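[1] Provided below are the primary sequence and the corresponding predicted coordinates.
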Amino acid sequence: MMGGDSNGFWADNVPQARAEWRENPSSDPKSHFHPIQDTRSIWSAMMKGIKEGEARHGYEAFVTFQLTSPWISDPPTPFSWGHNYINGSYGTLSMGAVQSGHESPDSSGIDAKFTVLTPWNSRKNYESAHDSFNTNKPIWNVSDVRHGFYPAVLSGACGITYGSLPVQQSYENMSLIATSEHFMDPQLGLSENASWHEAVHWPGARQTGYLGKPFSSLSREQVNELTPAREYVSSVNGSIEDIMLFEGDRYIAGMITRR
């Protein structure tokens, strides 16, 4: 998997430019950007090297390109789908990849406006990260990780990728580091007591593998016939109203096959 949250067209100060524009929304957003760089040739060369290296050992490399969720819309750049950046003379990916972002969708408009991307969802909700990486928002636990993946699972995505904030940063706390010169400050609100060695054993790393299990014994026809079964789901506050009326921070629903 190439890319790792890198777009083929990107400026090296996007977060800072966004913050500057938010402080002065009447300004021209483009005025805050550093020059946009085209790095497609670098990724293309990397893919070429991977494929050639694997071929020398008798293997055919499977290569995809995972971009970051946002893209620069003005000046216009392509949507952040892998195959929009690596194609034509740059070579052919084995599969495109998308990332649905790291924020909870607006519950009031989820049915009408939430568009599911079906190829492969990369690290939707990081375990132990703040929603949207905003330290004023709640920290995601293992149930948030599972809930973030279900839209991809139920829409037929070919895969999902679990994400953990300490692992994403390769972060280790001072008590487990030999010398202070190897210490890196935690980012994005990560606790200074975190450890990537411990995080690889967190519940989300295991439970992500369970998401498709309830549907694995069903045929395609049975899956397609699944319908909402609200009669066996109780409202948290005892309300007898429609359970799909949104309360709290998420929908609660059930699906059932009549066969």
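    Happy to help now that I have it. Numbers count the residues shown, from 1 in each chain.
[2] Would you indicate which residues of the lengthiest helix in the chain are buried?
    Assignment by DSSP state H gives helix 40-56 as the longest helix of the chain. Neighbour-count burial for helix 40-56, counted by 16 or more other C-beta atoms under 10 Å, picks out R40, W43, S44, M46, M47, K51. Quick note: C-beta positions are derived from backbone N, CA and C, even for glycine.
[3] residue ranges with poor pLDDT in the protein?
    100-101, 103-123, 228-259 (pLDDT under 70).
[4] just the strands in it please.
    Here the chain has its strands, by DSSP state E, at 9-10, 37-38, 64-65, 95-96, 121-122, 160-161, 227-228, 255-256.
[5] related to what we said a few turns ago, gap between the longest helix of the chain and the chain center?
    Relative to its chain's centre, helix 40-56 lies at 25 Å (C-alpha atoms, centre = their mean, to the nearest Å).
[6] can you list contacts of that helix?
    Residues outside helix 40-56 that contact it (C-beta atoms under 8 Å, 6 or more residues apart in numbering) are 2-3, 6, 8-9, 60-61, 63, 65, 85-86, 90-91, 93.
[7] Looking at these, point me to the pair that's furthest apart.
    F9 and E60 (29.0 Å; C-beta to C-beta).
[8] Compare the two (neighbour count), which wins?
    Each of F9 and E60 has its neighbours counted (other C-beta atoms under 10 Å); F9 has more, 19 against 9.
[9] which one is A129 nearest to, not counting chain neighbours?
    L165 (4.3 Å; C-beta to C-beta, 6 or more residues apart in numbering).
[10] dump the residue contacts of that neighbour.
    Applying C-beta under 8 Å, 6+ apart, the residues near L165 are Y126, E127, S128, A129, Y171, L188, L190, A194, A199.
[11] burial of the third one, as a residue count?
    Translated: S128. 24.
[12] In contact with it: list those residues for me.
    Per C-beta under 8 Å, 6+ apart, neighbours of S128: I139, W140, N141, S164, L165, P166, L190, S191, A194, A199, W202.
[13] same thing with the fourth one?
    Residues in contact with A129 (C-beta under 8 Å, 6+ apart) are H102, I139, W140, G163, L165, L188, G189, L190.
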